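[1] What follows is a predicted structure for the sequence shown.
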Amino acid sequence: MVNSRGLLSSRYSILVADRTTGVVRRFNLSLRPALATVAAVFMLPVLIGLGARWSASAELDHLRTATGVLRLENASFRTATGELTGQIAQLQDAIGALNEVAQLDPATRTALSTLPALVRNQAKGGATSADTKAIVAAANRSPEDAFGLLRTALGSLERHLSITRADVLQRNEVAQATPSIWPAMGWLTSGFGSRTDPFTGRPDSHPGLDISGSTGDPVFATADGRIASAGRTGDYGNLVVIEHAFGLTTRYGHLSRIAVAAGAEVKRGDVIGYVGSTGRSTSSHLHYEVWANGRPVNPLKLLVGRPE
């Protein structure tokens, strides 16, 4: 029986003879190193294949993980973008609703257009809306760009809504403070500006309108405001002065009777007194004036409606 250990440790010789020259070459080798070399030659491709397989498996796992992360990020972007888009739509609807509410009737717009520029400009405002084309272009580049631009648009619309709301309130306040209805039912007997004084016959400057009427006819506040004074005042006779917002004031003279007290708040169309002929007056009528920032203006340009 041959000992396997002895077989593996045996040495062998290989003779290589050259027939032309007759040279013989001897190569000595041991079986164990030779077998190890052969085994290494055959194992190397296997090991390389296993390594490549392990590397591919690891790369595949990495790609799966990265894909999962990207899916989560995309889902988050979609959710956040959807929420921002919804908020933007709500803000745009709110702005549209405010703009509809802010639409003034033609008569009030006409009255506002005739106010002095210093008063009229207080009713103006405006802001820009979000650029939806820029949002679409950003979305085509990357979700991050679209998300960032949506947030910018949302902030812009929030500021726009705040400005629009303030503008609407301001515009409504100016409209409510604008003397725009006739203060009494009757006919015009004397206009604003130069005229002949009915007592002296000399040229005179008339700071308001004279509206003829019957004694006791109601006199109406022509805009919202506060009663600045109500009582007997020289040539005006019984006089009511109403202070409106934005530097506007109205005066109602020659009243037979006063129906309000100083400090009271009144709305357009409220009865503040009654037509009469007190003070420097030749007949029963209402003397009506409008002042803007301390200067008289022609009330006839503002009177676009009748009291209801």
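    Received the coordinates, thanks. Every value quoted in this text rests on a predicted model; they were computed, and no experiment measured them. Residues are numbered from 1 along each chain as shown.
[2] quick one: Trp54 is in a helix?
    Yes. With DSSP: H, G, I helix; E, B strand; the rest coil as the criterion, Trp54 is part of a helix.
[3] give me the number of residues near it?
    10 (other C-beta atoms under 10 Å). All C-beta spots, glycine's among them, are computed from the backbone N, C-alpha and C.
[4] who touches it in this structure?
    If a contact means C-beta atoms under 8 Å, 6 or more residues apart in numbering, then Trp54 has no contacts.
[5] One more: the one 5 residues further on?
    Listed by C-beta under 8 Å, 6+ apart, Glu59 has no contact partners.
[6] shaky segments in the stretch 201-308 of the chain?
    305-308 (pLDDT under 70).
[7] which residues in it form strands?
    203-206, 209-212, 218-220, 225-232, 238-243, 248-255, 257-258, 265-266, 271-274, 285-292, 295-297 (DSSP state E, counting those that start in this stretch).
[8] got those strands as JSON lines, with mean neighbour count columns?
    Converted to JSON lines, the strands of the stretch 201-308 of the chain look like this (neighbours: other C-beta atoms under 10 Å):
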{"stretch": "strand 203-206", "mean neighbour count": "12"}
{"stretch": "strand 209-212", "mean neighbour count": "21"}
{"stretch": "strand 218-220", "mean neighbour count": "22"}
{"stretch": "strand 225-232", "mean neighbour count": "16"}
{"stretch": "strand 238-243", "mean neighbour count": "22"}
{"stretch": "strand 248-255", "mean neighbour count": "24"}
{"stretch": "strand 257-258", "mean neighbour count": "16"}
{"stretch": "strand 265-266", "mean neighbour count": "16"}
{"stretch": "strand 271-274", "mean neighbour count": "20"}
{"stretch": "strand 285-292", "mean neighbour count": "24"}
{"stretch": "strand 295-297", "mean neighbour count": "16"}
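[9] Turn those into TSV, including distance to Thr178.
    As requested, those are exported to TSV (distance: least, C-beta to C-beta, whole Å):
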stretch	distance to Thr178
strand 203-206	22
strand 209-212	16
strand 218-220	14
strand 225-232	11
strand 238-243	12
strand 248-255	7
strand 257-258	24
strand 265-266	14
strand 271-274	17
strand 285-292	9
strand 295-297	11
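[10] how about these, which one is nearest Thr196?
    Of all the strands of the stretch 201-308 of the chain, strand 203-206 sits nearest to Thr196, with 6.5 Å by C-beta to C-beta.
[11] name the helices or strands packed onto that closest one?
    strand 193-196 (3 or more C-beta pairs under 8 Å, 6 or more residues apart in numbering; DSSP states H and E).
[12] Sheet-wise, list the partners of the strand it packs on with their directions.
    Looking at strand 193-196 with DSSP bridges, its partner strands are strand 203-206 (antiparallel).
[13] which residues touch the strand it pairs with?
    Counting by C-beta under 8 Å, 6+ apart, Ser190, Gly191, Phe192, Gly193, Ser194, Arg195, Thr196, Asp197 sit against strand 203-206.
[14] cutoff 10 Å now
    Ser190, Gly191, Phe192, Gly193, Ser194, Arg195, Thr196, Asp197, Pro198, His287, Glu289, Pro296 (C-beta atoms under 10 Å, 6 or more residues apart in numbering).
[15] Distance-wise, check the second one relative to Ser205.
    Okay, so that is Gly191. Using C-beta to C-beta, to the nearest Å, one obtains 12 Å as the distance from Gly191 to Ser205.
[16] Checking Arg159 next. Helix, strand or coil?
    Strictly by three-state DSSP, Arg159 counts as helix.
[17] of the contacts of strand 203-206, buried ones?
    Ser190, Phe192, His287, Glu289, Pro296 (16 or more other C-beta atoms under 10 Å).
[18] Can you give me every residue that contacts the nearest residue to the second one once chain neighbours are set aside?
    It refers to Phe192. With C-beta to C-beta, 6 or more residues apart in numbering as the criterion, Phe192 has its nearest non-adjacent residue at 4.2 Å, and that residue is Asn298. For Asn298, the contacting residues are Thr114, Gly191, Phe192, Gly193, Pro207, Gly208, Leu209, Val290, by C-beta under 10 Å, 6+ apart.
[19] can you check Ser214 too?
    Here Ser214 is in contact with Ala184, Met185, Gly186, Ser256, Tyr274, Val275, Gly276, Ser284, His285 (C-beta under 10 Å, 6+ apart).
[20] Return the member of these nearest to His244.
    Ala184 (17.9 Å).
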